[in-house]
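Q: What follows is a predicted structure for the sequence shown.
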Amino acid sequence: MTLESLGWNARCAEHFEDYQAKGWQPARLIRDNKISYGALLGDGAELEVIMSGAVYHEAQTDADLPSVGDWVALEMGEENDEYDAVIRARLPRQTCLSRKAPGKGTEEQVIAANVDVVFVVTEAGQDFNPRRMERYYAVMQRSGAKSVAILNKSDLYPSEMNDLAAEALRRLNPEIEVIQTCAVEQNGVDAIRQFIAPGVTVAMIGSSGVGKSTLINHLVGEAVQWMGEVNAVTGKGMHTTTARELLVLPDGGMLIDNPGIREVQMWTDAKTLKESFVDFDERALRCKFNDCKHGSDQGCAIRAAIESGELSKERFINYLKLDFELEQLQKRQKKRQITIGRRNRRELKSKAEKYNKRKGY
């Protein structure tokens, strides 16, 4: 094993030059244990490491803290230390897969860092939801990684049903490749392997019970993820991954497994959202008026396309929902920044008053 086999490249080396001069070592985080992290060195050694106070206090948000997939600079510990090393710095991320943290807050939640390919796994049955997949697509495309959709459990449904679901996914975004798989029979697993190579990191996301763990077991070549029986009613596996972990694959490459995602809240920008729904923007250029609201306005090209069946009404409604959700997120973020700014000014004023009082001014 080498640093390069873990994804190290010239960009990483450039950012690490100053840390190397201090005698620190590069490592990649493979596990987040809440209090500590699992880290992998270039020689294959796995260490239990902790984060330094400086890294914690310098982080503006939780998303700035080290996460699974991050490259970090380690100061190696002494022989009798409780932990093997201390994280002194996190290298800049080349890609970042993230969503808005669950709830009504405004925080970003990092799902995986420095990922080259993101696989979103679904199936043609109960889990299939084009509107939710649009959310996945928007989040995946913003990450900077290549996006691929996996339609799993093809053995449970008629081929016509699988083909219709696959076609629906392709219509959502023709640039995102769709692969049909059957994890139990290993059909389509080789198509997934084509995206994996030494130094390449992939991540799997999707709802619980869609077969991610079974696919991972086939890719790793052993049962690293426990699988229970499939529920006869829902068709879902009993096992769900409970923590993110980076796994080194036997034939080269790495895979980050993620717990099932119950809600895909938007953490993206207007540009990425527009790119995901470019067909609506192109059609909007044909509207009679530049400020068309695409409702009851005369000469609305989008409404005409929906009525003729050229565009999907459900997809357009979902686009409006996502746009509104993004707008609300941006408003809450702005409000939070104002609140933090006021609090910082009050704290600064209080410190100045205490200083002046101590000095007798």
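A: Received, thanks. Please read these numbers as outputs of a predicted model, since none were measured by experiment. Numbering: from 1, shown residues only.
Q: Spit out the contact partners of the residue most central in space within the chain.
A: Centroid-nearest residue in the chain: L97, 2.7 Å away (criterion: C-alpha atoms, centre = their mean). The neighbours of L97, taking C-beta atoms under 8 Å, 6 or more residues apart in numbering as the test, are V110, I111, A112, A113, V115, V118, V139, M140, S143, A145, A203, I205. For glycine as for every other residue, the C-beta is placed from the backbone atoms N, C-alpha and C.
Q: please redo it, this time with the cut-off set to 7 Å
A: Taking C-beta atoms under 7 Å, 6 or more residues apart in numbering, we find L97 in contact with I111, A112, V115, V118, M140, S143, A145, A203.
Q: and the third one, how many residues sit next to it?
A: Meaning V115. 29 (other C-beta atoms under 10 Å).
Q: That one against D70, yeah?
A: No - contact status for V115 versus D70: not in contact, 10.9 Å apart, counting by C-beta atoms under 7 Å.
Q: quick one, strands of the stretch 1-150 of the chain?
A: Applying DSSP state E, counting those that start in this stretch to the stretch 1-150 of the chain gives strands spanning 25-32, 37-40, 46-51, 71-76, 85-90, 96-100, 108-113, 117-123, 146-152.
Q: Quick check: which of those strands is nearest to A304?
A: Ranking these by proximity to A304 (C-beta to C-beta) places strand 146-152 first, at 30.1 Å.
Q: And the contacts of that closest one?
A: Under C-beta under 7 Å, 6+ apart, the answer for strand 146-152 is 116-124, 137, 140-141, 162, 165-166, 169, 176-181, 183, 192, 195, 210-211, 215.
Q: Put the alpha carbons of it into PDB.
A: Written as PDB, here are the backbone C-alpha positions of strand 146-152 (Å, rounded to 0.1, in the frame of the first residue of the first chain):
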ATOM      1  CA  LYS A 146     -18.900  11.900 -11.100                       C
ATOM      2  CA  SER A 147     -22.500  10.800 -10.500                       C
ATOM      3  CA  VAL A 148     -23.900   7.300 -11.200                       C
ATOM      4  CA  ALA A 149     -27.300   5.800 -10.400                       C
ATOM      5  CA  ILE A 150     -27.700   2.100  -9.500                       C
ATOM      6  CA  LEU A 151     -31.100   0.500  -9.900                       C
ATOM      7  CA  ASN A 152     -30.700  -2.500  -7.600                       C
END
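Q: how close does the closest residue to P92 other than its chain neighbours get to D279?
A: With sequence-adjacent residues excluded and distances taken as C-beta to C-beta, 6 or more residues apart in numbering, P92 is closest to H15, at 5.8 Å. Noted for H15: a distance of 39 Å to D279, by C-beta to C-beta, to the nearest Å.
Q: Over to I196?
A: From I196 to D279 the distance is 32 Å (C-beta to C-beta).
Q: what does A54 give?
A: A54 is 48 Å from D279, by C-beta to C-beta.
Q: Tell me which of these two has more neighbours.
A: A count of neighbours by other C-beta under 10 Å puts D279 above the other of A54 and D279, at 19 against 12.
Q: List the residues that contact the more buried one.
A: L311.
Q: Count residues in the vicinity of the closest residue to V120 other than its chain neighbours, would you?
A: Closest residue to V120 apart from its sequence neighbours, by C-beta to C-beta, 6+ apart: Y136 at 4.6 Å. Residues lying near Y136 (other C-beta under 10 Å) number 24.
Q: next one: A10
A: Residues lying near A10 (other C-beta under 10 Å) number 7.
Q: can you tell me how far it sits from R345?
A: 43 Å.
Q: In the stretch 201-350 of the chain, where is pLDDT below threshold?
A: For the stretch 201-350 of the chain, the stretches with pLDDT under 70 are 222-243, 259-278, 322-341, 343-344.
Q: swap that for the stretch 1-150 of the chain, please
A: Ranges of the stretch 1-150 of the chain meeting pLDDT under 70: 78-83, 100-107.
Q: could you redo the last one with a cut-off of 80?
A: 34, 77-84, 99-109 (pLDDT under 80).
Q: ok, the residue nearest to P92 to L91 distance?
A: Taking C-beta to C-beta as the measure, H15 falls 5 Å from L91.
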